[in-house]
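S.K.: pasting the structure only:
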Ligand SMILES: NC(=O)c1ccc[n+]([C@@H]2O[C@H](COP(=O)([O-])OP(=O)(O)OC[C@H]3O[C@@H](n4cnc5c(N)ncnc54)[C@H](O)[C@@H]3O)[C@@H](O)[C@H]2O)c1
């Protein structure tokens, strides 16, 4: 799909990958709707891209439904819905708890729930809200931001890994069940992208080998939407790792255990 003249909604559009996508999609000629819980960032990006800005907490289904109704009223339709908002940790860092204690299975229930609500349920709410409109028109495009953690694993972060696997599963399901009805579906699988998500408590970047700039990730998304491919990879080597995992699951687990043992904690 070409993005020119398309009405595109991006959640989590005020920062990071979402912001870069809003800018890049606008440069492609899309009519943008920037949504985020961050009100100041939403205003800033919406102004910059000449689009609509809507402050939305994606954990709240009523707010997502209202957003969809509002955009259809103002812009007439939604061509592309990018469910991008996501969180890496389920609770703010207290500056004391080591990362491995925040990301293991003993992370608090509140942290697990937050990850589930933002990363997964928000995408369910969005699909539920926008699909009737897209199905009635016989066309539409759902772009879901997952992560390499959804195909492989995020070392040191069980809740994030589990939530992103759920995103991949949901996105496959949407493609299989609605693809023949004119609904295009893509799943963004990024590895390291230099956004606030990858910043530590001191504001430094977490060392993620091969981390790329958000603008480069946005360019990969535009290319993926253009060719309408299901998996939109910002780091092509992830496909190679995924194939390696599928070819020998136990061997892959052994390699990951070795990698985990070498990871500084
Ligand atoms: N940065 C990476 O390395 C990386 C890698 C793989 C996947 N991802 C995924 O990309 C997506 C974007 O991440 P990012 O790196 O740009 O992170 P980011 O923290 O820079 O941006 C996330 C945005 O989501 C918004 N958000 C969070 N909770 C929200 C809520 N309840 N309602 C509305 N908006 C909310 C934040 O305000 C923020 O603007 C996420 O789904 C993330 O899991 C990121």
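M.R.: Noted; the coordinates are in hand. Owing to the predicted nature of the structure, the values given are computational and were not obtained by experimental measurement.
S.K.: What are the neighbouring residues in contact with residue 23?
M.R.: Contact analysis of residue 23 by Cβ atoms under 8 Å, 6 or more residues apart in numbering lists 45, 48, 49, 215, 218. Yep, even glycine has a C-beta here, placed from its N, CA and C like the rest.
S.K.: can you check residue 241 too?
M.R.: Residues near residue 241 by Cβ under 8 Å, 6+ apart: 148, 151, 152.
S.K.: Could you list which of those also contact the ligand?
M.R.: Contacts with the ligand within the contacts of residue 241, counted by Cβ under 6 Å from any ligand atom: none were found.
S.K.: I'd like these as TSV, with secondary structure, distance to residue 8 and neighbour count appended.
M.R.: Listed next are the contacts of residue 241 as TSV, based on DSSP: H, G, I helix; E, B strand; the rest coil; distance: Cβ to Cβ, whole Å; neighbours: other Cβ atoms under 10 Å:
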residue	secondary structure	distance to residue 8	neighbour count
148	helix	24	21
151	coil	25	20
152	coil	28	20
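S.K.: Closest one to residue 31 out of the residues you listed, please.
M.R.: When the contacts of residue 241 are compared for distance to residue 31 (Cβ to Cβ), residue 148 wins out at 30.7 Å.
S.K.: quick one: that closest one and residue 230, what's the gap?
M.R.: Counting by Cβ to Cβ, to the nearest Å, the gap from residue 148 to residue 230 is 15 Å.
S.K.: Find the residue closest to residue 165 in space, skipping its chain neighbours.
M.R.: Here the nearest residue to residue 165 in space, its sequence neighbours aside, is residue 150; by Cβ to Cβ, 6 or more residues apart in numbering that works out to 5.1 Å.
S.K.: could you flag which of the contacts of residue 23 are buried?
M.R.: Buried positions within these, assessed by neighbour count (16 or more other Cβ atoms under 10 Å), are 45, 49, 218.
S.K.: which among these gets closest to the ligand?
M.R.: Nearest to the ligand among these: residue 45, at 9.0 Å, using Cβ to the nearest ligand atom.
S.K.: Would you confirm that that closest one belongs to a helix?
M.R.: Yes - judged by DSSP: H, G, I helix; E, B strand; the rest coil, residue 45 forms part of a helix.
S.K.: OK, contacts around it?
M.R.: Applying Cβ under 8 Å, 6+ apart, the residues near residue 45 are 13, 14, 19, 22, 23, 34, 36, 51, 53.
S.K.: give me the beta-bridge partners of the last one?
M.R.: What it means is residue 53. residue 34 (DSSP bridges).
S.K.: Give the burial count for it, as a bare number.
M.R.: Residues lying near residue 53 (other Cβ atoms under 10 Å) number 23.
S.K.: For it, list the residues it contacts.
M.R.: 33, 34, 35, 42, 43, 45, 46, 47.
S.K.: Make a markdown table out of those residues and add pLDDT and distance to the ligand.
M.R.: Formatted as a markdown table, those follow (pLDDT from 0 to 100; distance: Cβ to the nearest ligand atom, whole Å):
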| residue | pLDDT | distance to the ligand |
| --- | --- | --- |
| 33 | 98 | 13 |
| 34 | 98 | 10 |
| 35 | 98 | 7 |
| 42 | 98 | 8 |
| 43 | 98 | 13 |
| 45 | 98 | 9 |
| 46 | 98 | 13 |
| 47 | 98 | 16 |
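S.K.: Among those, name the buried ones.
M.R.: 33, 34, 35, 42, 45, 46.
S.K.: Please tell me the pLDDT value assigned to residue 68.
M.R.: According to the prediction, residue 68 has pLDDT 98.
S.K.: Now do the contacts for it.
M.R.: Contacts of residue 68 by Cβ under 8 Å, 6+ apart are 9, 78, 126, 129, 130, 133.
S.K.: top of these by neighbour count?
M.R.: residue 9 (29 neighbours).
S.K.: Quick one: distance of the lowest-mean-pLDDT helix or strand in the chain to the chain centre.
M.R.: The helix or strand of the chain with the poorest confidence is helix 99-102; it has a mean of 73 (mean pLDDT, DSSP states H and E). Centroid separation for helix 99-102 versus its chain: 22 Å, with Cα atoms, centre = their mean, to the nearest Å.
S.K.: Much appreciated, bye for now.
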